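Enquirer: Structural data only, the sequence is not supplied:
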């Protein structure tokens, strides 16, 4: 099973390799499929189209348990694919500024866990209020498929 069993439904994790740097909530996934016109027509001379490239992107809110260190919500995983470590606001900001790719794990419901690797954070807005946890509004562009995970 690994770490996924500890996730709440409709949440996720943002990671560098297998090190969690943020908990993801308020997730919106967008899937798109481009089309090309085919050379054939229907009997009514209407153009026909076929699917070509597919892509996905995601908007979400990221929370960090600490600016530097602390106990992570995502610790205790045992399988090789588990994400472990401390969620870290400073590391999230530095990762975005450096343009480093990130990995995501999403638990959309009990049996629907999705993973993606080498995603690109395209936008990051930081909200830091007095006496409240720092939050990040992220836009992430997927590279490759969003894959159903078995662990």
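Expert: Yes, it's here. All figures in this text were calculated on a predicted structure; none of them were measured in a lab. Numbering: from 1, shown residues only.

Enquirer: tell me the contacts of residue 95?
Expert: By C-beta atoms under 8 Å, 6 or more residues apart in numbering, the contact set of residue 95 is 16, 21, 102, 121. To be clear about C-beta, it is placed using only N, CA and C from the backbone, and glycine gets the same treatment.

Enquirer: ok, now with 10 Å
Expert: Listed by C-beta atoms under 10 Å, 6 or more residues apart in numbering, the contact set of residue 95 reads 14-16, 21-22, 88, 101-102, 121, 124.

Enquirer: now it, what's its secondary structure?
Expert: helix (DSSP: H, G, I helix; E, B strand; the rest coil).

Enquirer: re the thing from before, quick check: which of the contacts of residue 95 has the minimum pLDDT.
Expert: Ranked by pLDDT, those bottom out at residue 88 (65).

Enquirer: what about this protein, any weak spots by pLDDT?
Expert: 1-9, 41-42, 65-88, 110-111, 150-151 (pLDDT under 70).

Enquirer: Distance of the residue most central in space within it relative to residue 94?
Expert: Nearest residue to the geometric centre of the chain (C-alpha atoms, centre = their mean): residue 104, 3.9 Å. Residue 104 sits 18 Å away from residue 94, going by C-beta to C-beta, to the nearest Å.

Enquirer: and residue 58, how many neighbours does it have?
Expert: Residue 58: 21 surrounding residues under other C-beta atoms under 10 Å.
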